[in-house]
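Asks: fold the following and give me the result.
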Amino acid sequence: MQSGRKSSSVDKAFELIQAVSETGRAGITLGELARHAGVAVSTAHRYVTSLLELGVLDRDAAGSYHLGVTLVTLAGQYLEEDGLRAAARPYLVALVELSGETVHLGILAGNRIVYIDKVESAKSVRLVSRIGSRVPLHCTAMGKAVLAPLDERRRAEIVAGRLDRRTPRTLTGAALLAELDVVRERGFAIDDEENEEGVRCVGLPIMNASGQPVAAFSVSAPANRFSVEDCHRLAPAALAMAAEISRRIGYVANRNGASPALRHQAPEAGPASFAEARDP
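Replies: Predicted coordinates:
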């Protein structure tokens, strides 16, 4: 980015942020950033270090830089009108009414999911979370739902990185890859107390116009009132909602190919059968 005046520190920092944004999911190395900005690697490193500390940039296991979650948090006002959020909101509300539990919407940001919306359960005992929070990919329902449709190389790269075992149930390595194959085939993921003990979730991916998983939503509840069987019974209705949200933001199945997550359709009796069959 060239300008007709001498760049200030703010100008240079923004130039680096812009360069990162233009690389998309691939990310960009420190050397590439330095060349793009026309500065020494040491200078680029100084800027990048500050931007990492602020959360404006994020660095993956391979050392490439991506946009950080602080940009999502600062964009809170914009997100009120965001197309994804607007497209998903009616379905989040419907899913809370159907399940009786809290529903979250999150976007993929680097190697994390960032919450951008939620609809609370009306029940007195419910989960505590906030918009702008970020959670891991490998041990959350939304994270695994987004990981599963990724190409094998990208999935393997993430799984090979440092993954915290947040509970005794957290999956890593070969076990996680096997789980992602199951998630990819059936179209939904279950967090069976893998991120937080006593909490169970079911999550589904949202696909964009390019056929890539860019977001997800989940139903979350205390494990003692939301069983694995409940997750499976709720899944058909939630899968149909995921397909509709994806279509609303531009996903076209016959153009992008059949995503496993969007091949499923809820049977007509799905919502009623969930409400009737759920354990009291």
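
Asks: these two touch, right, residue 203 and residue 139?
Replies: No. Shown here, residue 203 and residue 139 do not form a contact pair, counting by CB atoms under 8 Å, at 11.4 Å. Using the backbone N, CA and C atoms, a C-beta is placed for each residue, glycine as well.

Asks: what residues are shared contacts of those two?
Replies: Shared contacts of residue 203 and residue 139 (CB atoms under 8 Å, 6 or more residues apart in numbering): residue 191.

Asks: if you count surrounding residues, which of the two has more?
Replies: residue 203 (28 against 24; other CB atoms under 10 Å).

Asks: confirm that that one sits in a strand.
Replies: Yes. Counting by DSSP: H, G, I helix; E, B strand; the rest coil, residue 203 is part of a strand.

Asks: for beta bridges, what are the partners of it?
Replies: residue 189, residue 218 (DSSP bridges).

Asks: got the contact list for it?
Replies: So residue 203 contacts 140-145, 188-191, 216-219 (CB under 8 Å, 6+ apart).

Asks: swap in 10 Å and give it another go.
Replies: Counting by CB atoms under 10 Å, 6 or more residues apart in numbering, residue 203 makes contact with 104, 106, 113, 140-146, 148, 183, 188-191, 216-220, 231, 238, 242.

Asks: what comes up buried for stretch 11-25?
Replies: For stretch 11-25, a neighbour-count test (16 or more other CB atoms under 10 Å) marks 12-13, 15-17, 19-20, 23 as buried.

Asks: in helices, which of those fall?
Replies: Within the buried residues of stretch 11-25, residues falling in helices by DSSP state H are 12-13, 15-17, 19-20.

Asks: show me which of these is closest to residue 179.
Replies: Minimum distance to residue 179 across those is 30.9 Å, recorded for residue 20 (CB to CB).

Asks: so that closest one touches residue 67, yeah?
Replies: Yes. With contact defined as CB atoms under 10 Å, residue 20 reaches residue 67; the gap is 5.8 Å.

Asks: so what sits against both of the two?
Replies: Joint contacts of residue 20 and residue 67 (CB under 10 Å, 6+ apart) are 27, 51, 56-58.

Asks: all helices of the stretch 151-280 of the chain, in order?
Replies: 152-159, 173-186, 228-248, 253-256, 270-277 (DSSP state H, counting those that start in this stretch).

Asks: just name the most buried of those helices.
Replies: helix 228-248 (a mean of 21; mean count of other CB atoms under 10 Å).

Asks: could the C-alpha coordinates of that helix be exported in CSV?
Replies: Only the C-alpha atoms of helix 228-248 are listed here, as CSV (Å, rounded to 0.1, in the frame of the first residue of the first chain):
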residue,chain,number,x,y,z
VAL,A,228,-26.1,-37.7,24.2
GLU,A,229,-29.4,-39.2,23.1
ASP,A,230,-31.0,-35.7,23.3
CYS,A,231,-28.2,-34.4,21.0
HIS,A,232,-29.1,-37.1,18.4
ARG,A,233,-32.8,-36.5,18.7
LEU,A,234,-32.3,-32.7,18.2
ALA,A,235,-29.9,-33.1,15.3
PRO,A,236,-32.4,-33.6,12.4
ALA,A,237,-34.2,-30.3,13.1
ALA,A,238,-30.9,-28.5,13.7
LEU,A,239,-29.4,-29.9,10.4
ALA,A,240,-32.3,-28.5,8.4
MET,A,241,-31.7,-25.1,10.1
ALA,A,242,-28.0,-25.2,9.3
ALA,A,243,-28.8,-25.9,5.7
GLU,A,244,-31.2,-23.0,5.5
ILE,A,245,-28.8,-20.5,7.2
SER,A,246,-26.1,-21.6,4.8
ARG,A,247,-28.4,-21.0,1.8
ARG,A,248,-29.3,-17.6,3.1
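
Asks: what helices or strands is it leaning on?
Replies: helix 83-99, strand 102-109, helix 173-186, strand 189-192, strand 199-207, strand 213-222, helix 253-256, helix 270-277 (3 or more CB pairs under 10 Å, 6 or more residues apart in numbering; DSSP states H and E).

Asks: can we see that at 6 Å?
Replies: Using 3 or more CB pairs under 6 Å, 6 or more residues apart in numbering; DSSP states H and E, the elements in contact with helix 228-248 are helix 83-99, strand 199-207, helix 270-277.

Asks: would JSON lines of these with distance to residue 44 be doable?
Replies: Listed next are the helices and strands packed on helix 228-248 as JSON lines, based on distance: least, CB to CB, whole Å:
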{"stretch": "helix 83-99", "distance to residue 44": "32"}
{"stretch": "strand 199-207", "distance to residue 44": "34"}
{"stretch": "helix 270-277", "distance to residue 44": "53"}
